[in-house]
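> Sequence and predicted structure below; questions after.
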Amino acid sequence: MLPVPRLFLTRRRSIKPDRNPGGSLTQNGLFAVAARKYKDGAAPPERVRVFEKIRAGIWVYNGLFKLIDCWTEQSGGRGVFKFKLQIAGIEDRDRPAVAPTVLEDDRLIPSWVKIEVWKRDKGRCVKYGSTSGLHFDHIIPYSKGGSSKERANIQILCGRHNLAKHDKID
């Protein structure tokens with residue numbers, strides 16, 4: 001099975017040429033080709049993992065999406081690629097009405113919650129203050145009914161403490 005491509009979202013995605021100096025497609029070029037193939041009916045939508053930039057060097061996973069359109073626009077005097085995405089699983093006809101990816105959307109922590117938790121926890125593990133390898137953690141695990149949409153249920157833990165906590169309630 002081929003790995004799922006990754007798309008990184010920032011506030012503004014500047015246009016890089018869709019081709020490298022040697023003529024091969026850039027990552028933006030590959031996404032544009034995939035979107036055109038889908039729009040032309042030549043291929044199913046490309047499934048991409050989406051990451052969002054919270055701060056310099058801090059990227060968080062936002063989920064699995066289908067790439068359904070791509071275009072370019074002028075913004076602030078420079079060109080930008082724009083991508084239209086759809087949460088994977090919502091309208092897949094070959095899947096049951098409640099697909100696992102639909103449930104995954106409920107589990108994903110919204111960007112506004114991540115930003116508020118980052119500020120509240122000062123970008124550090126709440127257990128021992130580490131600033132590297134950080135994870136957003138559900139205080140009451142999602143698997144036990146904890147909400148992803150309430151900042152009071154989300155905290156920052158370093159990877160070591162998050163993996164040790166697993167699905168326990170501390």
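Right, received. Where do you want to start?
> domain assignment for the protein?
Following automatic domain parsing, one finds the domains of the chain at 1-108, 109-170.
> I'd like those as CSV, with mean neighbour count and mean pLDDT appended.
Where you see a C-beta, it was placed from the backbone N, CA and C, and this is true even at glycine. Shown next, in CSV, are the domains of the chain (neighbours: other CB atoms under 10 Å; pLDDT from 0 to 100):
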stretch, mean neighbour count, mean pLDDT
domain 1-108, 14, 74
domain 109-170, 15, 89
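> export the longest helix along the chain as CSV, just CAs?
When the chain is parsed with DSSP state H, its longest helix is helix 27-39. Only the C-alpha atoms of helix 27-39 are listed here, as CSV (Å, rounded to 0.1, in the frame of the first residue of the first chain):
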residue,chain,number,x,y,z
GLN,A,27,4.6,19.0,-4.3
ASN,A,28,2.1,21.7,-5.2
GLY,A,29,2.3,20.6,-8.8
LEU,A,30,1.5,17.0,-7.8
PHE,A,31,-1.5,18.2,-5.8
ALA,A,32,-2.7,20.3,-8.7
VAL,A,33,-2.5,17.3,-11.1
ALA,A,34,-4.3,15.1,-8.7
ALA,A,35,-7.1,17.6,-8.3
ARG,A,36,-7.5,18.1,-12.1
LYS,A,37,-7.7,14.3,-12.6
TYR,A,38,-10.5,14.1,-10.0
LYS,A,39,-12.3,17.1,-11.6
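> Can you list the helices and strands that that helix packs against?
strand 46-55, strand 58-75, strand 78-87 (3 or more CB pairs under 8 Å, 6 or more residues apart in numbering; DSSP states H and E).
> Tabulate these (TSV), appending distance to Cys125.
Below are the helices and strands packed on helix 27-39 laid out as TSV (distance: least, CB to CB, whole Å):
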stretch	distance to Cys125
strand 46-55	16
strand 58-75	14
strand 78-87	30
